[in-house]
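Colleague: Build the 3D model from these lines:
(2 chains)
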Amino acid sequence: MKKIGWIIISLIGAFAFALIALQREESINAIWFITAAICIYMVAYRFYAAWIATKVFVLDEFRETPAVRLSNNRDFVPTNKWVLFGIHFAAIAGPGPLIGPTLAAQFGYLPGTIWILIGAVVGGAVQDMTILFFSVRKNGKSLGQMAKEELSPLAGVASLIGTFVIMIILIAVLGLVVVNAMKHSPWATSTVAATIPIAILVGFYMRFLRPGRVLEASLLGVTLLLMAVYLGGVIDQSETLRVYFDHGGLFLAWSIIIYGFAAAVLPIWMLLAPRDYLSTFVKLGTIIFLAIAIAILQPEIQMPAVTQFSDGSGPIFGGSIFPFVFITIACGAISGFHALISSGTTPKLIDNEKHIPMIGYGGMLLESFVAIMAIVAACVLEPGIYFAINSPAGIVGNEPSEVISKINSWGFSVSLEQMNQLASDVGESTLFARTGGAPSLAVGMATIFANAFGKHLLAMWYHFAIMFEAVFILTTLDAGTRVGRFMLQDMFSNIHPKLGETSWLPSIILSSAIVVLCWGYFLYIGVIDPNGGVNILWPLFGIANQMLAAIALSVGTAILIKTGRIKFAWITTIPLTWLLIITTSAAYQKIFSDDIRIGFLASAQSMSNKIIEGNLSSDEIDILEKLIFNLKLDTGITIFLVSILWIVVFDVLRIATKQKDYELKEVANV
Amino acid sequence: MFNFKKIWSAIRTISGDDAYDIYLKHYQSCENHQKKEPMTRQKYYLKKLEEKWSGINRCC
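Modeller: Alright, predicted model coming up:
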């Protein structure tokens, strides 16, 4: 009976997937994406994850986990599996799976969808589960420690530096996304600004009034957030008030930089913790809501399966479908960052080894599902509108009529009236060149919500979606700055022990300032870049994140070999090989491509030529010089990341070819 | 049909709302003999926050 059920689920999944992959003539319904995803996840979880758990890892439910053995009520705490699933998922799922798929939709719905589904099932979820398993067997060691011990000291350092670089670029690009969503939008800016005092209020409530009452405090906070969305609309209507919140990109970028510093220095209970609770609740609610809305409304996908931009000429970011779809969608398919969570906090909380598939593999599947919904939300928009929102001014021009004719020339119909109508419907002055993915995701979500739950409220839904993304992103920005700070303090402790004290104020201020300056620089460059900055920063983030994933898979492979599981090493080497191919070729293209929209060096060269040609004001030359410096810096970072990657891979090859009996370094079963 | 009490208690546990109650119960069952007062609600909350945010616990 059970077997028949699984056969039916497999057949439905295969049918839905085939429909998505092969449908060309008519448009396809979004419900098939959800169906295909759920069926594929279920089958993969039931068969592949279970097979890995029993045959490769040989999970032992009677073996004591570190949480049980070393239980200390502090970091080692045996935790209920559902609670831990919540903690783990909240930690791995950030704004990445929302932004990447939205940007990658420029290739059409098909490439992104296939990669999200297959990448997660074969790559990302396997990585998360493998690292989680090995970390559990090694008393909760971190990825860096495992890389150091199992590969080489150099690999350990490489993973540390790689993590820091990713953190910096991730925060910068997220900051840029928020800036682009708030640019000259009093409604969005005032709502996002209001989330700060609301979070502080909730923080005081949970600290002094009713300590630790998470649910009631969150309810209070979410109510206030909804009111802030409404009041933002009132401010937008008022001629006197709206000027206070109507700002350009640079002002907003500086505000975020200052805010980021303040947030990282303030005590956790005041801002970070309450906002994290709010963001978790809003995130959960929105994702569930979106799934329900798609199920009710069953919108048709408007985007073609594959667009002409698969050749690399896409307006949102330059680069052809291979390898850039795999770089653009990192989170949601495979994300190296998850290996840090799977090897740091989570393994110290696992109560029983048999929970590993659900938390490691299952957590990633849920994140992948979020990515599928993001790509659906982008693809239910009319392609013309999608491109009008997401194309930077540097590509399509500043004049609305110019933008419209450019997009029409690509074969996507959209009219000026349509865009103006849409902008006024969502309560914005314009939707042109709102790059970064957040506004188009918000328009997509708002359209779905408005059609399912009430058409008159489009503006409310839109700004709710913007607020949702911003709260989410600001939490990551704050938490990320702190993580960077801890890493720096750890490094500084080698210089002077006092600097390593995480609670010593001068050290906090110094290290926070350095981290904020690092990402603030990239954010600033992203804002002054006429091509929108996302074109450079997002691929760089993707390469860095996939490089970390490759390191994690290398560590996994090395341990599989060393623990006598070499015949199963393909579970990690298949995704590892694929990541090597895509990161190396993407890095090569980003550095050496002749296309100025792809190659850093070609772009820098063309800018120098412009300066030599003259006819530029001193301001323009100033900006160009900054951009040229940044392009060279990005080249350096990319070369650095790829070199690290290959060093680690050679370490794995060395281990694989060395014929010797490795001693089992797992902690013995007691 | 639905056991609302059970669902509510699951929501409280997953969100961390009843973490202090669980701590107290745990304290009474095993730490009583240590002759140490249990932490107050506020102290426990701050301690947990400190632990939660002192490592890498957020990513993309």
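Colleague: contacting residues for the residue nearest the centre of chain B?
Modeller: For chain B, B:Ala19 is the residue whose C-alpha lies nearest the centre (Cα atoms, centre = their mean; 1.8 Å). Contacts for B:Ala19 were tallied using Cβ atoms under 8 Å, 6 or more residues apart in numbering or on different chains; they are A:212, B:44, B:48. In this view, the C-beta of every residue, glycine as well, is placed from N, C-alpha and C.
Colleague: close enough to count as contact, A:Leu170 and A:Leu548?
Modeller: No: here A:Leu170 lies out of contact with A:Leu548, judged by Cβ atoms under 8 Å, at a distance of 10.9 Å.
Colleague: Just give me the neighbour total for the closest residue to A:Thr430 other than its chain neighbours.
Modeller: Once flanking residues are discounted, A:Thr430 sits nearest to A:Ala423: 5.4 Å by Cβ to Cβ, 6 or more residues apart in numbering or on different chains. Around A:Ala423 there are 18 other residues, counting by other Cβ atoms under 10 Å in any protein chain shown.
Colleague: Show the pLDDT at A:Ala423.
Modeller: Confidence at A:Ala423, expressed as pLDDT, is 93.
Colleague: and what of A:Phe464?
Modeller: If you check A:Phe464, the pLDDT there is 93.
Colleague: Next, the buried residues of the helix or strand harbouring it.
Modeller: Using DSSP states H and E, A:Phe464 sits within helix A:458-492. Under the neighbour-count criterion of 16 or more other Cβ atoms under 10 Å in any protein chain shown, helix A:458-492 has A:458-489, A:492 buried.
Colleague: The top helix by length along chain A and chain B, any residue contact?
Modeller: Criterion DSSP state H: the longest helix present in chain A is helix A:618-657. No: shown here: helix A:618-657 not in contact with chain B (Cβ under 8 Å from any Cβ of the partner chain), separated by at least 15.9 Å.
Colleague: Any stretches of chain B with poor pLDDT?
Modeller: Applying pLDDT under 70 to chain B flags the ranges B:1, B:31-35.
Colleague: if we can go back for a sec, from the chain's centroid, how far away is whichever strand or helix holds the residue nearest to A:Thr430?
Modeller: Element membership for A:Ala423, per DSSP H and E: helix A:416-425. Between the centre of helix A:416-425 and the centre of its host chain there is 30 Å, according to Cα atoms, centre = their mean, to the nearest Å.
Colleague: Which strands and helices lie in contact with the helix or strand following it?
Modeller: Later in the chain than helix A:416-425, the nearest helix or strand by DSSP H and E is helix A:438-453. On a contact count with 3 or more Cβ pairs under 8 Å, 6 or more residues apart in numbering or on different chains; DSSP states H and E, helix A:438-453 meets helix A:96-104, helix A:153-182, helix A:272-297, helix A:363-379, helix A:383-390, helix A:458-492.
Colleague: name the helices or strands packed onto the fifth one?
Modeller: The reference is to helix A:383-390. With contacts defined as 3+ Cβ pairs under 8 Å, 6+ apart, the packing partners of helix A:383-390 are helix A:400-409, helix A:416-425, helix A:438-453.
Colleague: what's the distance between A:Gly108 and chain B?
Modeller: A:Gly108 is 24 Å from chain B, where distance means Cβ to the nearest Cβ, to the nearest Å.
Colleague: Excluding chain neighbours, give the residue nearest to that residue in space.
Modeller: A:Val306 (4.1 Å).
Colleague: Which pLDDT value goes with the one you found?
Modeller: Looking at A:Val306, its pLDDT reads 94.
Colleague: try A:Gly86
Modeller: At A:Gly86, pLDDT is 88.
Colleague: C-alpha coordinates for the strand or helix carrying it, PDB please?
Modeller: Assigned by DSSP H and E, A:Gly86 belongs to helix A:81-92. Output in PDB follows, covering the C-alpha atoms of helix A:81-92 (Å, rounded to 0.1, in the frame of the first residue of the first chain):
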ATOM      1  CA  LYS A  81      13.700  17.700  16.800                       C
ATOM      2  CA  TRP A  82      11.000  20.100  15.700                       C
ATOM      3  CA  VAL A  83      12.400  22.900  17.800                       C
ATOM      4  CA  LEU A  84      15.800  22.200  16.300                       C
ATOM      5  CA  PHE A  85      14.400  22.100  12.800                       C
ATOM      6  CA  GLY A  86      13.000  25.600  13.500                       C
ATOM      7  CA  ILE A  87      16.300  26.900  14.800                       C
ATOM      8  CA  HIS A  88      18.300  25.300  12.000                       C
ATOM      9  CA  PHE A  89      15.900  26.600   9.300                       C
ATOM     10  CA  ALA A  90      15.700  30.100  10.700                       C
ATOM     11  CA  ALA A  91      19.500  30.100  10.700                       C
ATOM     12  CA  ILE A  92      20.000  28.900   7.100                       C
END
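Colleague: just so I have it, where are all the helices in the stretch 201-350 of chain A?
Modeller: Ranges of helices in the stretch 201-350 of chain A, per DSSP state H, counting those that start in this stretch, are A:214-237, A:239-242, A:249-265, A:272-297, A:321-328, A:338-343.
Colleague: buried sites along stretch A:429-439?
Modeller: A:430-439.
Colleague: tell me how far that stretch is from the chain's mean position?
Modeller: The chain centre lies 19 Å from the centre of stretch A:429-439; the measure is Cα atoms, centre = their mean.
Colleague: Now do it, average pLDDT.
Modeller: Averaging pLDDT along stretch A:429-439 gives 91.
Colleague: Let me see the residues that make contact with it.
Modeller: Here stretch A:429-439 makes contact (Cβ under 8 Å, 6+ apart) with A:98-100, A:102-103, A:176-181, A:183-185, A:316, A:378, A:385, A:388-393, A:396, A:398, A:400, A:403, A:419, A:422-423, A:440, A:443, A:466, A:469-470, A:473, A:532-534.
Colleague: now swap in stretch A:245-260 and tell me
Modeller: With contacts defined as Cβ under 8 Å, 6+ apart, stretch A:245-260 is touched by A:171, A:175-176, A:178-180, A:182-187, A:189-190, A:193, A:196, A:235, A:474, A:477-478, A:481, A:516, A:519-520, A:523-524, A:527-528.
Colleague: Would you mind listing what in chain B touches chain A?
Modeller: With Cβ under 8 Å from any Cβ as the criterion, chain B meets chain A at residues B:10-17, B:19-20, B:26, B:40-42, B:44-46, B:48-60.
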